[in-house]
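A.B. asks: A structural model of the following input is requested.
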Amino acid sequence: MNKNSLFRKIAYIAAIVLLLVPLFELGRPSNGMIGQLRTKYRMGQANLGKLDPTSESMRLATLGMKGIASTILWLRADYYKEEKYFDRFSATLNQISLLQPHFISVWQHQAHNLSYNVAPEFEDYRQRYEWIKKGIDYLIRGTKYNDRKPILQYDLGHYLGNKLGKADEHDQYRVLYKKDSEFHKYFREQGLIGIDTNALGYDQKPDNWLTGKLWFEQAVGLYQAGAAIKKSPHLLLSYGPLWHMYYAEAIESEGILNSSAGFAWKQAGVDWADFGTKSLYQFRQSTDLTLLSNKPAKAEIETLQKQFDEKSKDAKAKAEQILKKLIPSEMLKILDKPESELSQQEFETKFDILRRLTPTEQQIAAQMPAKLQLEGVELARKIAFEKDFLREIESYRGQVNYEYWELRAKAEQRDDMLGARRLMFEADQLLNVADVMGALKSYERAWTRWAQVFSLYPSMISEEVGDDVVKSLGRYKRLAENDLDETFVLYEFLEYRKAKENGTLEKDVSKKLEEMNAKAQAMLAAESGIDEKPGIDAAPPAVIPPTGSPETSKSDSPAKNTEPTAVRVDEPVKLGEPSKVDEPNAVVTKTQESLVLPPTLENPDSQE
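C.D. replies: Below you'll find the predicted structure:
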């Protein structure tokens with residue numbers, strides 16, 4: 001009996017030893033099968049990002065209860081935030097990140113807490129700015145532990161742009177960021193390439209929008225290298241160029257309304273056009289889909305349709321007759337009724353009937369003669385493919401509003417657009433110093449230029465540009481104390497905006513807009529032979545570059561001072577004299593007294 005028990009024990013021990021041998025072979029760190037698979041698919045700890053000894057020690061110290069410890073810390077962090085123990089809150093977040101360095105939600109959620117939830121708790125905007133920086137710093141630390149997660153760089157682009165550039169305190173934040181040389185140095189140390197070149201604004205200081213653009217470019221680079229990101233490609237690729245346009249908008253709102261603004265819009269337009277050439281994916285695994293593929297697709301559809309129509313003249317009529325028999329005769333009577341007598345419901349019904357009476361290419365091909373039917377079906381298939389392809393392109397273009405930003409970048413480079421903005425900005429600033437007459441004169445000259453801009457770019461009427469003009473028109477109307485009748489140069493613009501806001505646009509408004517766009521294209525085509533004025537094609541020098549107007553550079557004219565003229569809101573404009581902002585070099589600047597920063601430990605440069 002004892003011998004049997006001993007033999008069993010020996011057999012168990014031998015089996016354990018035999019099983020340990022393959023486990024050892026499989027689990028060897030470098031040459032084992034598991035190690036090789038981990039290296040092949042980049043699943044090792046070192047492949048995910050930075051290895052931190054402190055982080056590893058903390059995880060070992062939890063004795064396998066890392067999940068429980070993390071949950072306790074998350075609950076404690078929420079408690080500290082609610083009770084406004086912000087120093088303890090920040091320390092707890094550091095502990096969480098050490099326990100869960102590869103859990104992306106830790107970095108995203110807690111960075112948002114710091115920049116968006118904690119920062120508004122402080123009264124002083126400088127303190128809020130410091131806490132926004134803490135959130136940005138938290139995300140940057142996360143990128144070191146997660147080399148293959150471009151979503152963190154994507155979030156950094158949004159924080160630098162949206163939080164610093166669109167918050168209520170964006171004017172103050174932008175000034176603080178420009179002066180924050182220590183923050184710029186930190187970005188440089190963290191490997192943000194271009195902070196000293198591509199992120200520089202018109203004043204040769206890093207701009208928050210352009211810095212955010214650099215982070216987006218890093219995210220795009222990781223995505224193109226194969227890293228996964230839960231964002232649609234067309235949205236991810238659009239943010240870099242879009243941030244450059246927001247930079248141009250920002251400097252215009254700050255009174256930089258000269259060639260520096262024109263150059264910013266030109267660069268943004270180049271980036272936007274380059275974005276339009278990027279392949280988003282393979283449509284049905286056969287054709288690269290880009291946002292600029294719409295024109296070739298339309299041309300291909302037109303060619304195929306022409307070939308198809310030549311072969312299916314009689315077949316189309318047969319297909320229409322078959323479809324007509326499927327619609328009740330009472331409903332067909334509405335087709336004979338004059339359009340002017342149709343109610344809105346009848347108009348929609350008529351539109352639906354006409355749609356149902358229009359046969360598809362496949363239905364037409366089915367009615368073609370037998371000898372042409374095979375060729376007709378093949379042409380119908382190609383047309384259907386191209387239409388689906390075009391529909392997909394237009395869907396993506398609509399989601400990023402591609403055509404609007406393309407036209408906006410072109411329009412904002414124009415001298416008449418910059419002049420209109422200059423005059424409108426000056427008028428708004430003159431109102432701040434109660435110069436009503438000066439403001440009225442600037443407004444009236446601005447409306448003429450805006451009328452020219454809207455005639456060339458009708459799509460600007462209903463977008464953000466039109467919104468800016470509507471706001472200034474409201475101020476002008478209160479000052480003028482009279483109604484803006486049919487003689488007003490922007491009367492049609494106002495009527496369109498009112499109809500749009502009230503939902504009373506006429507049925508033929510799309511036709512009217514098409515006519516306006518056709519007329520605008522003809523006007524722009526007529527202008528195409530005119531050279532652009534200098535100062536936009538070439539990058540402007542630091543701060544405010546001198547620009548000249550071709551009309552004033554004739555050899556028989558005396559040389560004029562080309563130094564830029566700054567018009568400040570605290571400098572009164574003399575009535576009866578031409579406005580300084582009519583000059584090409586004029587730069588309208590806001591009074592910066594409200595943004596003077598006392599020296600602080602966090603911002604040593606603020607004493608400048």
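
A.B. asks: in which helix or strand would I find K306?
C.D. replies: Using DSSP states H and E, K306 sits in helix 294-311.

A.B. asks: quick check: next helix or strand after that helix?
C.D. replies: The helix or strand immediately downstream of helix 294-311 is helix 313-325, counting by DSSP H and E.

A.B. asks: what's the angle from that next one to helix 294-311?
C.D. replies: Put simply, helix 313-325 runs at 100 degrees to helix 294-311, going by axes from the mean of the first three to the mean of the last three C-alpha atoms, to 10 degrees.

A.B. asks: can you list the buried residues in helix 313-325?
C.D. replies: For helix 313-325, a neighbour-count test (16 or more other C-beta atoms under 10 Å) marks 315-316, 318-320 as buried. Bear in mind the C-beta positions are built from the backbone N, C-alpha and C, glycine included.

A.B. asks: which strands and helices sit next to the helix holding K306?
C.D. replies: Applying 3 or more C-beta pairs under 8 Å, 6 or more residues apart in numbering; DSSP states H and E, one finds that helix 294-311 makes contact with helix 370-400.

A.B. asks: same thing but 10 Å
C.D. replies: Judged by 3 or more C-beta pairs under 10 Å, 6 or more residues apart in numbering; DSSP states H and E, helix 294-311 is in contact with helix 313-325, helix 361-365, helix 370-400.

A.B. asks: and those helices, which is most packed in?
C.D. replies: With neighbours taken as mean count of other C-beta atoms under 10 Å, these reach their highest mean count in helix 361-365, at a mean of 21.

A.B. asks: going along the chain, name the strands of this structure.
C.D. replies: Listed in chain order, the strands of the chain (DSSP state E) span residues 281-283, 287-289, 566-568, 587-589.

A.B. asks: ranked by average pLDDT, which of these falls at the bottom?
C.D. replies: Lowest mean pLDDT of these: strand 566-568, a mean of 36.

A.B. asks: can you give the contact residues for the helix holding K306?
C.D. replies: If you take C-beta atoms under 10 Å, 6 or more residues apart in numbering as the criterion, helix 294-311 is touched by 276, 283, 287, 289-290, 293, 315-316, 361, 364-365, 368-369, 372-373, 375-376, 378-394, 396-397, 402-403.

A.B. asks: now it: buried residues?
C.D. replies: Across helix 294-311, burial judged by 16+ other C-beta under 10 Å covers 294, 297, 300-301, 304, 308, 311.

A.B. asks: what's the answer for stretch 409-418, then?
C.D. replies: By neighbour count on 16+ other C-beta under 10 Å, the buried set for stretch 409-418 is 409-415, 417-418.

A.B. asks: just the endpoints, please. Distance across that stretch?
C.D. replies: Using C-alpha to C-alpha, to the nearest Å, one end of stretch 409-418 lies 12 Å from the other.

A.B. asks: hang on, the earlier thing: got the buried residues of helix 313-325 as a markdown table, with pLDDT and distance to E254 columns?
C.D. replies: As requested, the buried residues of helix 313-325 are arranged in a markdown table below (pLDDT from 0 to 100; distance: C-beta to C-beta, whole Å):
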| residue | pLDDT | distance to E254 |
| --- | --- | --- |
| A315 | 89 | 64 |
| K316 | 86 | 60 |
| K318 | 88 | 66 |
| A319 | 90 | 61 |
| E320 | 86 | 61 |
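
A.B. asks: pick the one among the buried residues of stretch 409-418 closest to I256.
C.D. replies: I256 lies nearest to L418 out of the buried residues of stretch 409-418, by C-beta to C-beta, at 10.1 Å.

A.B. asks: and for the closest one, nearest residue in space, chain neighbours not counted?
C.D. replies: Using C-beta to C-beta, 6 or more residues apart in numbering and skipping residues adjacent in sequence, the residue nearest L418 is L257, 5.5 Å away.

A.B. asks: lovely, talk soon.
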